[in-house]
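> Okay, sequence plus prediction incoming.
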There are 4 protein chains.
Amino acid sequence: MSANSNHWVVTIVCPDMPGIVHAVTGAIVAAEGNITESKQFSSDDTGRFFMRLQVESAADRGVFEKALAPVKEKYGMTVSLDIVGRPLRTLVLASTAAHCVNDLLFRQRAGHLSLDIPLVLSNHSDLRQLADFYGVAFETVPVTDDMSKTLMERRILDAVEDHDIELVVLARYMQILSPELCRALEGRAINIHHSFLPGFKGASPYKQAHARGVKLIGATAHFVTTDLDEGPIIEQNVVRVDHSRTPSELMSIGQDEESRTLTQAVKWFAEKRILVDGARTIIFT
Amino acid sequence: MSANSNHWVVTIVCPDMPGIVHAVTGAIVAAEGNITESKQFSSDDTGRFFMRLQVESAADRGVFEKALAPVKEKYGMTVSLDIVGRPLRTLVLASTAAHCVNDLLFRQRAGHLSLDIPLVLSNHSDLRQLADFYGVAFETVPVTDDMSKTLMERRILDAVEDHDIELVVLARYMQILSPELCRALEGRAINIHHSFLPGFKGASPYKQAHARGVKLIGATAHFVTTDLDEGPIIEQNVVRVDHSRTPSELMSIGQDEESRTLTQAVKWFAEKRILVDGARTIIFT
Amino acid sequence: MSANSNHWVVTIVCPDMPGIVHAVTGAIVAAEGNITESKQFSSDDTGRFFMRLQVESAADRGVFEKALAPVKEKYGMTVSLDIVGRPLRTLVLASTAAHCVNDLLFRQRAGHLSLDIPLVLSNHSDLRQLADFYGVAFETVPVTDDMSKTLMERRILDAVEDHDIELVVLARYMQILSPELCRALEGRAINIHHSFLPGFKGASPYKQAHARGVKLIGATAHFVTTDLDEGPIIEQNVVRVDHSRTPSELMSIGQDEESRTLTQAVKWFAEKRILVDGARTIIFT
Amino acid sequence: MSANSNHWVVTIVCPDMPGIVHAVTGAIVAAEGNITESKQFSSDDTGRFFMRLQVESAADRGVFEKALAPVKEKYGMTVSLDIVGRPLRTLVLASTAAHCVNDLLFRQRAGHLSLDIPLVLSNHSDLRQLADFYGVAFETVPVTDDMSKTLMERRILDAVEDHDIELVVLARYMQILSPELCRALEGRAINIHHSFLPGFKGASPYKQAHARGVKLIGATAHFVTTDLDEGPIIEQNVVRVDHSRTPSELMSIGQDEESRTLTQAVKWFAEKRILVDGARTIIFT
């Protein structure tokens, strides 16, 4: 990549029909772009076409958008255009469990996760020292009843507004969001579910898993929707266990899966690799 | 192992208390046995103790049982005693799908699965040629209504009786067993469920999995109980999939998991490695 | 797909430069084709561009080739054009071990593997009955010395010629091919290596694995080259083992990995999903 | 477990012969112990017997040792006796890479890893702040030539002496230990190898892995011996990769495997679950 060129990431969603790729790549040729990565998918379920491109080009955003404009209009496309690797403005919601927050912050600092995290919001103060270590602001809003829950949700929305947040990560945030908040954050809030969905929903999944003597336990990262634990699945992992595991050991093993599953989902989101097709996700890895 | 010695497999279940292992191993010393494999587990859930031993000994069955008798009585043990590697008399129930039956018969012939399969019973004739190739008797009992279903179940029970069957394998046998038959076969009938339980139960799991966009699909082998798909889980496997998979591809991938999961469960059962602890299985691998 | 349209699979390799995708998709638009699948990759290692497309079109081969011809010439492309799902003419080489041959033949018959296997050639007669069952011709050429080895290799080349063979599968064929034969079959012969390469090469890998106490064992499918066991890797799998496994158990576990790894590689090859980039393979799954 | 009882972990190694388990459990009965966990293994390779027990008992160490003494002498046993969960005095050696050290310290603080880490010793100062956060002393000894290397090794031995260190963890410590130091630490130093052994040894394994186009990459934790990278293997993990991964992405993926593989090995060591049988490890999980 030459010194004064940009590296763009482009995502495209539109009704599927012949000629789309030709038209899109024509616009890129016009903008003197060079495609470095390209993935596409036609959904038989919804009849929609999905595409993600990475393009090197000396063109600035205006030139690029202008080149794409007629194609966008002709095919009825939803297009996003961004710089590869730009840190995503991310709000982290937490409670008391440290494993997911630690994994996110460690990898962000290590440079494996391109996030800009202006704030960790929690209903408990347990993780303050952890956030301090990573130099991230930390704020506590106790949630004990409906009124304090409303205050917390207002604080979340304010933080989203103030910091122009692009992604809200529920990093084992143990509160159920109100339908209003779910709708306000639709498509940009990711939750980690402490189970392999659709498996053991609700409370105490590791006790349930133990009682049923499962041989695999896992975790599911999914978008938040008003339908609790039923949002589009982004990533899932499992690990093998046996009869000798206590519920608390299952929990410890499960937490590792939770961390890595959530981090993976966040990473893909930051890299614009996740597109939503109805109840399913398209992941362009 | 010297030429005229036996290789015994012993399983023991009893209420947990101190001194059991010392007592059992004392009996084995008395029978001049040499322990070649030993696994044990104390269940906190049920307060029961489980043990599986392999013992080389010149003693015959009578001597061995006599040595164990006082220990058995003192601790209220359920004891099983068998020869390591003795082929298990196994009845296979099938419908039209070949993958699980093929895997069982191939591995049995290849010597990886110590089974004696006198009969494959099916409600369809599709797999006759496969059974013929492996030299296994094949019989068809069409099931189209309640009456024919009753005839099939009677035939199953007769076959179990006639061949002194120790294990019934439902190798994608697509009929629901009556509660009476489930009870008659309790603890010695293994089913393969075309899903990662507790996940998508009931019909068309691969369509459900596709519709939900899951990232992992799998299979579960479990004991048959009257509670449909809720018997103790023996083994589970999953494999990673992505958005590009059609329901029919998911099915093909899932079938591989079904075969290997069922075969693994059958192998462990034949080797007396599975003990049941309430709703859970103890697997001494 | 309408009744009288074709489903084409196209693979393209050429030096990487801007505009290729636009040009290729323009040719497809000209042939009134609809892209149903598309994957591409630019290799930083070799500066080459790789693409695989599936295209539905009413055009016949002549029309399609004519549309692609100018693009092909302009960019110096190597292009292959085939019908999706056309059975690949495949020669299987075997010795005494049944597991890989059984897996290939079972899946071919089950419709999961689109192969046309006119012949299984072996230096032993052990697998004749298995081939008979699947209705595949079987021929034995004993290999005991240099002269008989030469005869076998001549027979292989004749069979390749007679049946217009597109793929030679070494399904645990325990003979080292001569450099001449390796060169003659370059890019169209796949071997399964009984180890996780680069790991334990050479003889008795499971004994070596046992002696070293490895915790994972696996298998590698790769293209045959004159550099023994060093051809481009196509697929690898591993499975977890522990200290209690004997060398013969490791072998049995390893054989399962060999079967599934080889079958996967063959399936990808038959579907034109494997392109070679120097010492590496590009797999468009 | 009653309030004033102990929970002991006992490991036993001796020549294999009949009657050992009976004798050992007899001693435990004599000490009024209750076995809560028990694993054993007879090695056909070396003719040795290995056992690990967890025992609840009101007996103190003296009583316990006295009960075991005659058995120990009769069978020529090496016996270790410890308290379950006692933090292991551990010295961490590090260089510049943070991932392994971070994982160890985070899990130790989270209570998942029972270690007492008095010191992190490094040839670089990069990880000082990380160690500070976790409240662990940090010391730098630059290693640039033979003399400074000797000083570092002397410092290591002094730290082992001063803190009565039971385990030395080479958490991506990029220096080769001298044969003298290897011998001094034999059986109590664990290294993480940035590759799936025996695979790519030596420098730049991820470049080698990329060049060869491997489909799996992994990590190996092993005991340190004078034979570089050939010490007994404790744990191995792999993860699937494809052609699109750059060497730096392979490194990032590989580092995750390194962290979890090393942490697992350290956890097992702290719990006395690892016994050495010649060139192999017995892991009683």
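Yep, that arrived. Residues are numbered from 1 along each chain as shown, chains lettered A, B, ... in the order given.
> got the contact list for the helix or strand containing residue A:169?
Secondary structure assignment for residue A:169, by DSSP states H and E: strand A:167-170. Identification of contacts with strand A:167-170 by C-beta atoms under 8 Å, 6 or more residues apart in numbering or on different chains yields A:88-93, A:104, A:115, A:156, A:160, A:177, A:185, A:188-192, A:224, A:262, A:266, A:269-270. From N, CA and C alone the C-beta is placed, and that goes for glycine too.
> Which SSE is immediately downstream of the worst-scoring helix or strand of chain A on mean pLDDT?
Using mean pLDDT, DSSP states H and E, helix A:205-212 stands out as the lowest-scoring helix or strand of chain A, at a mean of 70. Next helix or strand after helix A:205-212 toward the C-terminus (DSSP H and E): strand A:216-223.
> Tell me if that next one is near chain B.
Yes - using C-beta under 8 Å from any C-beta of the partner chain, strand A:216-223 reaches chain B at A:216, A:218.
> contacting residues around the closest residue to chain D within the stretch 1-150 of chain A?
Residue of the stretch 1-150 of chain A nearest chain D, by C-beta to the nearest C-beta: residue A:133 (4.4 Å). Residues in contact with residue A:133 (C-beta under 8 Å, 6+ apart) are residue D:133.
> Phi and psi next, for it.
phi -60, psi -40 (degrees, to the nearest 10).
> burial count for the nearest residue to residue A:284 once chain neighbours are set aside?
In space, and not counting its chain neighbours, residue A:284 is closest to residue A:39: 3.9 Å by C-beta to C-beta, 6 or more residues apart in numbering or on different chains. Using other C-beta atoms under 10 Å in any protein chain shown, residue A:39 has 20 neighbouring residues.
> can you check residue A:45 too?
Using other C-beta under 10 Å, residue A:45 is surrounded by 14 other residues.
> The nearest residue in space to residue A:280 that is not next to it in sequence: neighbour count?
With C-beta to C-beta, 6+ apart as the criterion, residue A:280 has its nearest non-adjacent residue at 2.9 Å, and that residue is residue B:213. Neighbourhood size, residue B:213 [other C-beta under 10 Å]: 23.
> Residue A:224 too?
Residues lying near residue A:224 (other C-beta under 10 Å) number 22.
> unless I'm mixing things up, it is touching residue A:185, no?
Yes - the pair residue A:224 / residue A:185 is scored as a contact, 6.2 Å apart, by C-beta atoms under 8 Å.
> Quickly list what's touching both of the two.
Going by C-beta under 8 Å, 6+ apart, residues that sit against residue A:224 and also against residue A:185 are A:168, A:177.
> returning to what we had before: each with direction, which strands does the strand holding residue A:169 pair with?
Strand pairing for strand A:167-170, using DSSP bridges, gives strand A:88-94 (parallel), strand A:189-193 (parallel).
> Relative to residue A:27, which of these is closest?
strand A:88-94 (25.5 Å; C-beta to C-beta).
> which element follows the closest one toward the C-terminus?
Using DSSP H and E, the helix or strand that follows strand A:88-94 in sequence is helix A:99-110.
> on that earlier part again, I'd like a version of the strands paired with strand A:167-170 in TSV, one that adds mean neighbour count as further columns.
Output for those, formatted as TSV (neighbours: other C-beta atoms under 10 Å in any protein chain shown):
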stretch	mean neighbour count
strand A:88-94	23
strand A:189-193	25
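> Take those and write them to a markdown table, including mean pLDDT.
Output for the strands paired with strand A:167-170, formatted as a markdown table (pLDDT from 0 to 100):
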| stretch | mean pLDDT |
| --- | --- |
| strand A:88-94 | 98 |
| strand A:189-193 | 95 |
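> Wait, the residue nearest to residue A:284 touches residue A:54, no?
No - with contact defined as C-beta under 8 Å, residue A:39 does not reach residue A:54; the gap is 9.5 Å.
> Could you tell me which residues touch both of these two?
Common contact partners of residue A:39 and residue A:54 (C-beta under 8 Å, 6+ apart): none.
> Next up, the contacts around residue A:190.
Contacts of residue A:190 by C-beta under 8 Å, 6+ apart are A:167-170, A:221-224, A:234, A:262, A:265-266, A:269.
> got a list of what the residue lying closest to residue A:242 once chain neighbours are set aside touches?
Distance criterion C-beta to C-beta, 6+ apart; nearest residue to residue A:242, sequence neighbours excluded, is residue B:283 at 6.4 Å. Taking C-beta under 8 Å, 6+ apart, we find residue B:283 in contact with A:215, A:242, A:243, B:234, B:235, B:268, B:273, B:274.
> Narrow the residues you listed to those in strands?
Judged by DSSP state E, the contacts of residue B:283 include B:234, B:235, B:274 as members of strands.
> Nearest to residue D:208 among the residues you listed?
Closest to residue D:208, out of all of those and judged by C-beta to C-beta, is residue B:235, at 36.6 Å.
> That closest one: neighbour count?
Number of residues near residue B:235 (other C-beta under 10 Å) recorded here: 25.
> surely it meets residue B:193?
No - the criterion here is C-beta under 8 Å, and residue B:235 misses it with residue B:193 at 10.8 Å.
> which neighbours do those two share?
B:220, B:221.
> how about the residue nearest to residue A:284, phi and psi?
As for residue A:39, its main-chain torsions (degrees, to the nearest 10) stand at phi -140, psi 140.
> Is any residue of stretch A:13-33 near chain B?
No - Stretch A:13-33 lies out of reach of chain B by C-beta under 8 Å from any C-beta, never closer than 13.5 Å.
> so how far is the first residue of that stretch from its last?
20 Å (C-alpha to C-alpha, to the nearest Å).
> Give me the distance between that stretch and the centre of its chain.
The chain centroid and the centroid of stretch A:13-33 are separated by 27 Å under C-alpha atoms, centre = their mean, to the nearest Å.
> Quick check: buried residues in that stretch?
Residues A:13-14, A:16, A:18-33 are the ones in stretch A:13-33 that count as buried (16 or more other C-beta atoms under 10 Å in any protein chain shown).
> Brilliant, that's me finished.
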